[in-house]
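Participant: next input, structure requested:
(one chain, ligands or ions: 2)
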Amino acid sequence: MVEFSANLGFLWNDLPLPDAIRKAKAAGFAAVELHWPYDTPAAEVKAALDETGLPCLGLNTRRGDVAGGDNGCAAIAGREAEAQGYIDEALAYARDIGAMNVHVMAGFTDQSADAKASFAQNLRYACTQAALTQRTILIEPLNHHDAKGYHIATIAQAQEALADVDLPNLKIMFDCYHLQIMQGDLVTLFKGCQDQIGHVQFAAVPGRGEPDQGEVNYPWLLPELARLGWSAPFGAEYKPRGKMEDGLSWIAAYR
Ligand SMILES: O=C(O)[C@H](O)C(=O)CO
Ligand SMILES: [Mg+2]
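Facilitator: Ligands and ions are numbered 1, 2, ... in the order given. Predicted structure coming up:
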């Protein structure tokens, strides 16, 4: 059966994280994943995960100065110490709550050789630290409408970063929403990098709402990815169009 992970950066994000975890459990999600949980003590998140029995699949490194336009800094030359501080923080939080993946946010760059070298240096650091506790580091191509100028926007760019680093615990976050916008042909794209994928996410295109309308037929696509071998929960990373609970009927198509 296809299972889902509730992305609590978008779902129930008006609630304290422990309550959002309980809501995800009650709605039938098999896992949760986080964006930037750092305002909530890890012990509170861990207690809610233990109470519900839900695993947490992952979380993101801090983005830096968001008001100033940052979206991560791991590929910004000259900010290595800051990036590595965010990596340490994310890995410590992941360890405390038992999350196995940390998504390292690259930031906006000119994709120069310096940016690529800085990204590789920071990812090598992240992977080496993550390996000490058997964790995986993720990088994610983001689409050029929502995140114009983000360091990686395609699977080929992510694969280039993976090749530069060449460590087995660096994987790709395959977000169907971003990749449909940037590349399309999602099944072929998935097959071309399947063994390099660490997590799969999805949302409607366009709009990023519930995955029940738009360009991508998820009730066909997600079972097909499962048939091809993807067995972990798919990350529901969408922005509810209206009231959160009213939008959950999309799950029925998979039951
Ligand atoms: O926006 C996304 O798709 C991400 O997965 C994220 O975590 C923040 O950019
Ligand atoms: Mg995503």
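Participant: V104 is in contact with H151, correct?
Facilitator: No: judged on CB atoms under 8 Å, H151 makes no contact with V104 at a distance of 10.6 Å. For the C-beta atoms, the positions are set from N, CA and C on the backbone; glycine is no exception.
Participant: quick one, helices of the stretch 51-200 of the chain?
Facilitator: Using DSSP state H, counting those that start in this stretch, the helices of the stretch 51-200 of the chain run over 80-97, 113-131, 155-165, 176-182, 186-191.
Participant: to V205, which of the ones you listed lies closest?
Facilitator: helix 176-182 (4.5 Å; CB to CB).
Participant: what is the mean pLDDT for that closest one?
Facilitator: Summarised as a single mean, pLDDT over helix 176-182 is 99.
Participant: again with stretch 137-145
Facilitator: Per-residue scores along stretch 137-145 average to 98.
Participant: do the same with stretch 107-124
Facilitator: 98.
Participant: for that stretch, which residues meet the burial criterion?
Facilitator: 107-109, 111, 115-116, 118-124 (16 or more other CB atoms under 10 Å).
Participant: now swap in stretch 15-25 and tell me
Facilitator: Within stretch 15-25, the residues scored as buried using 16+ other CB under 10 Å are L17, P18, A20, I21, R22, K23, A24, K25.
Participant: spatially nearest residue to the fourth one, not counting backbone neighbours?
Facilitator: Right, I21. Distances taken as CB to CB, 6 or more residues apart in numbering put A48 closest to I21, at 4.1 Å, once the chain neighbours are dropped.
Participant: tell me the contacts of the one you found?
Facilitator: Contacts for A48 (CB atoms under 8 Å, 6 or more residues apart in numbering) come out as L17, P18, D19, I21, R22.
Participant: re earlier: tell me the two of the buried residues of stretch 107-124 that are most distant?
Facilitator: F108 and R124 (21.3 Å).
Participant: which stretches of this structure form strands?
Facilitator: Ranges of strands within the chain are 4-7, 31-33, 58-60, 101-103, 136-139, 170-175, 197-202, 234-236, based on DSSP state E.
Participant: buried deepest among these, which one?
Facilitator: Ranked by mean neighbour count, those are led by strand 31-33 with a mean of 27 (mean count of other CB atoms under 10 Å).
Participant: does that one reach ligand 2?
Facilitator: No: residues of strand 31-33 are not located near ligand 2 by CB under 5 Å from the ion, the shortest gap being 9.3 Å.
Participant: change the start of the numbering to 45 and stick with it
Facilitator: From this message on, residue numbering opens at 45, which makes the last subject strand 75-77.
Participant: residues making contact with that strand?
Facilitator: Contacts for strand 75-77 (CB under 8 Å, 6+ apart): 47-53, 64-65, 68, 93, 98-103, 143, 243, 277, 279, 281.
Participant: of all residues in the stretch 145-294 of the chain, which one is closest to ligand 1?
Facilitator: Ranked by CB to the nearest ligand atom, the top residue of the stretch 145-294 of the chain for proximity to ligand 1 is D219, at 4.8 Å.
Participant: go on, the stretch 45-194 of the chain?
Facilitator: For the stretch 45-194 of the chain, CB to the nearest ligand atom, closest residue to ligand 1: N104, 4.8 Å.
Participant: what bridges to that residue?
Facilitator: Listed beta-bridge partners, N104: H147 (assigned using DSSP bridges).
Participant: dump the residue contacts of it.
Facilitator: G53, L78, H79, W80, A134, V146, H147, V148, M149.
Participant: my guess is the last one contacts V110. True?
Facilitator: No: with contact defined as CB under 8 Å, M149 does not reach V110; the gap is 10.5 Å.
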